[in-house]
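[1] Got a predicted model here, sequence first, then my questions.
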Amino acid sequence: MISGYAMMGLVNEAFGAFREMQKLGVVPDEVTMVSVISACAVAGALGIGRWVHLYMEKQMIEIDIVLSTALINMYAKCGCIEKAKEIFERMPVKDQKAWSSMIVGLAIHGLAEEALVAFSRMEESEVKPSHVTFVGVLAACAHSGLVSEGRRYWSNMIESGIEPSIEHYGCMVDLLCRACLVNEAYNFVQTMPFSPNPAIWRTLLIACQKNKMLHRGEIAAEQLLSLEPLNTENYILLSNLYASVSQWEKMSHVRKMMKEKGLKGVPGCTSIEIDGFAHEFVMGDWYHPEAKEIRQVLKDISERVIDSGHEPHISDVHHNVVDEEKGIYLCEHSERLALAYGLLKTKAPVPIRIVKNLRVCSDCHEVTKIISKIYEPEIIVRDRVRFHKFVNGACSCRDYW
């Protein structure tokens with residue numbers, strides 16, 4: 001049950017089942033603990049994850065190579081990469097999965113150099129890299145703009161006898177698109193020995209929106225809609241493409257198509273763990289029991305951010321409304337609400353850790369940098385793609401994400 005809840009993303013239910021198990025006096029084994037740790041990783045629930053780790057030590061549950069690897073994955077996905085590295089370095093024996101988990105963890109934190117050093121150490125240890133290892137290596141290159149290195153590792157992978165999978169092709173397309181090499185990425189997709197999956201077409205469509213490449217974007221969108229005609233996100237991305245080039249009539253047509261098909265956008269959702277419970281916020285959500293207090297914190301944030309000289313990135317709002325309304329939309333993004341709650345319930349030097357289901361927008365990214373400088377907390381954001389660590393007005397991604 002715990003494993004099933006964790007796999008479905010029902011994190012609080014997974015923790016509830018574990019607590020019930022303890023009340024009934026059922027002694028958990030290594031398999032149970034792997035499931036609980038996995039649930040912590042899904043939720044980004046570092047506090048609970050730390051408690052589970054301490055519980056295992058107190059109960060003298062043997063932390064074998066499987067549990068150690070699960071802990072590395074959990075700490076990395078909860079934004080505590082230093083703890084993940086500490087556990088990894090203490091492991092007397094490191095197998096393929098342990099090395100791969102560490103490399104992937106470093107990659108999603110944007111620590112490309114460390115990820116590539118770990119890969120070199122893996123080779124020196126004569127542990128054969130797997131296809132997952134190379135996904136981590138290529139993702140590390142993508143998150144840091146290391147195009148030439150990514151091409152080199154791609155060649156090394158093929159030379160080592162690993163047949164590129166759809167995930168590897170996706171990493172390379174992501175690498176090229178992030179570096180604004182959209183035409184090269186498009187041509188690369190044409191060379192694939194199998195049909196691109198929706199994720200690859202989405203990556204291309206997002207890059208076309210970012211670079212205002214209407215024709216290429218429409219081609220990607222056509223392919224995407226043929227593969228996933230009922231996925232709301234695809235229509236929103238196409239709508240955003242048209243909005244980015246001020247094609248409002250085409251944007252309205254896409255929105256009309258969504259309405260006719262009964263499709264509604266997936267709202268941005270951000271969670272924050274406070275006192276062992278995951279609080280979730282969606283855009284414009286004012287149903288939280290402490291909504292009044294959150295509004296007050298948001299007001300204070302808004303005033304202080306404006307005083308700092310910040311100009312809202314209204315281009316991030318893809319609605320044909322006046323600029324003032326766009327500014328209101330931005331202020332009610334789910335990550336702003338979670339951040340406000342974090343500021344309300346914690347005090348520096350306790351870090352604020354939040355998890356978002358979508359990619360963080362550029363305005364929220366900039367505002368979070370300002371918050372980290374004004375209020376002085378360390379803020380760790382896990383979005384759909386990677387981690388961002390904000391300290392004293394700067395982000396670990398170096399504004400490349």
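    Structure's in. What do you need?

[2] Which of the helices or strands spans residue 38?
    Under the criterion of DSSP states H and E, residue 38 resides in helix 30-43.

[3] helices or strands next to that helix in the packing?
    Applying 3 or more Cβ pairs under 8 Å, 6 or more residues apart in numbering; DSSP states H and E, one finds that helix 30-43 contacts helix 2-7, helix 11-23, helix 46-58, helix 65-77. C-betas here are computed from N, CA, C, even on glycine.

[4] Format the ones you listed as a markdown table; extra columns: mean neighbour count and distance to residue 109.
    Converted to a markdown table, the helices and strands packed on helix 30-43 look like this (neighbours: other Cβ atoms under 10 Å; distance: least, Cβ to Cβ, whole Å):
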| stretch | mean neighbour count | distance to residue 109 |
| --- | --- | --- |
| helix 2-7 | 18 | 22 |
| helix 11-23 | 17 | 21 |
| helix 46-58 | 17 | 14 |
| helix 65-77 | 24 | 7 |
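
[5] Put together JSON lines for those helices, with distance to residue 298 and mean pLDDT on each row.
    Below are the helices and strands packed on helix 30-43 laid out as JSON lines (distance: least, Cβ to Cβ, whole Å; pLDDT from 0 to 100):
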{"stretch": "helix 2-7", "distance to residue 298": "32", "mean pLDDT": "86"}
{"stretch": "helix 11-23", "distance to residue 298": "25", "mean pLDDT": "89"}
{"stretch": "helix 46-58", "distance to residue 298": "24", "mean pLDDT": "90"}
{"stretch": "helix 65-77", "distance to residue 298": "28", "mean pLDDT": "96"}
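
[6] Contacts for the longest helix along the chain, please.
    Ranked by number of residues, the top helix in the chain under DSSP state H is helix 291-307. With Cβ atoms under 8 Å, 6 or more residues apart in numbering as the test, helix 291-307 has contacts from 286, 288, 331, 336-337, 339-341, 343-344, 367, 370-371, 374.

[7] Need the CA coordinates for the helix holding residue 38. PDB is fine.
    This file holds the C-alpha atoms of helix 30-43, laid out as PDB (Å, rounded to 0.1, in the frame of the first residue of the first chain):
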ATOM      1  CA  GLU A  30      14.100  -2.900   4.100                       C
ATOM      2  CA  VAL A  31      11.400  -3.100   1.400                       C
ATOM      3  CA  THR A  32       9.000  -1.000   3.400                       C
ATOM      4  CA  MET A  33      11.600   1.600   4.100                       C
ATOM      5  CA  VAL A  34      12.600   1.900   0.400                       C
ATOM      6  CA  SER A  35       8.900   2.600  -0.300                       C
ATOM      7  CA  VAL A  36       8.700   5.300   2.400                       C
ATOM      8  CA  ILE A  37      11.900   6.900   1.300                       C
ATOM      9  CA  SER A  38      10.600   6.900  -2.300                       C
ATOM     10  CA  ALA A  39       7.400   8.700  -1.100                       C
ATOM     11  CA  CYS A  40       9.700  11.400   0.600                       C
ATOM     12  CA  ALA A  41      11.500  11.800  -2.700                       C
ATOM     13  CA  VAL A  42       8.300  12.300  -4.700                       C
ATOM     14  CA  ALA A  43       7.100  14.900  -2.200                       C
END
